[in-house]
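Trainee: Dropping the sequence and predicted coords here.
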Amino acid sequence: MPYDASLDKEVFAKSNENDDGKITVSVHSYNNGPKKLQIVRENRDQEGGFRFAKLGRMTKDEAQAILPFIQEALSSM
């Protein structure tokens, strides 16, 4: 069964943005299934827009900035 975007419901989403890009913490439920936490990094491109990047490692500042978002997201799961 292929992925169907209309079945993917976003329950929660908050982002922390800085000069380099942003990290988004969100909770999704696909086809009324279990709610799952997602963390995504997007870097700024030459034109100032955002482009998906592998999350990889986070700095201490990045981790501290999104920790309250993760705790809030967990309460919505």
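Mentor: Cool, got the structure.
Trainee: mind showing which ranges of this structure have poor pLDDT?
Mentor: Within the chain, no range satisfies pLDDT under 70.
Trainee: Quick check: the gap between the nearest residue to residue 42 once chain neighbours are set aside and residue 13.
Mentor: In space, and not counting its chain neighbours, residue 42 is closest to residue 50: 4.0 Å by Cβ to Cβ, 6 or more residues apart in numbering. For glycine as for every other residue, the C-beta is placed from the backbone atoms N, C-alpha and C. Look at residue 50 and residue 13: by Cβ to Cβ, to the nearest Å, they are 14 Å apart.
Trainee: hey, what's residue 42 bridged with?
Mentor: residue 22, residue 52 (DSSP bridges).
Trainee: who's in contact with it?
Mentor: 21-24, 50-53 (Cβ atoms under 8 Å, 6 or more residues apart in numbering).
Trainee: Adding neighbour count and distance to residue 68, write those residues out as JSON lines.
Mentor: Shown next, in JSON lines, are the contacts of residue 42 (neighbours: other Cβ atoms under 10 Å; distance: Cβ to Cβ, whole Å):
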{"residue": "21", "neighbour count": "17", "distance to residue 68": "19"}
{"residue": "22", "neighbour count": "15", "distance to residue 68": "15"}
{"residue": "23", "neighbour count": "22", "distance to residue 68": "12"}
{"residue": "24", "neighbour count": "18", "distance to residue 68": "14"}
{"residue": "50", "neighbour count": "16", "distance to residue 68": "22"}
{"residue": "51", "neighbour count": "12", "distance to residue 68": "25"}
{"residue": "52", "neighbour count": "10", "distance to residue 68": "23"}
{"residue": "53", "neighbour count": "13", "distance to residue 68": "22"}
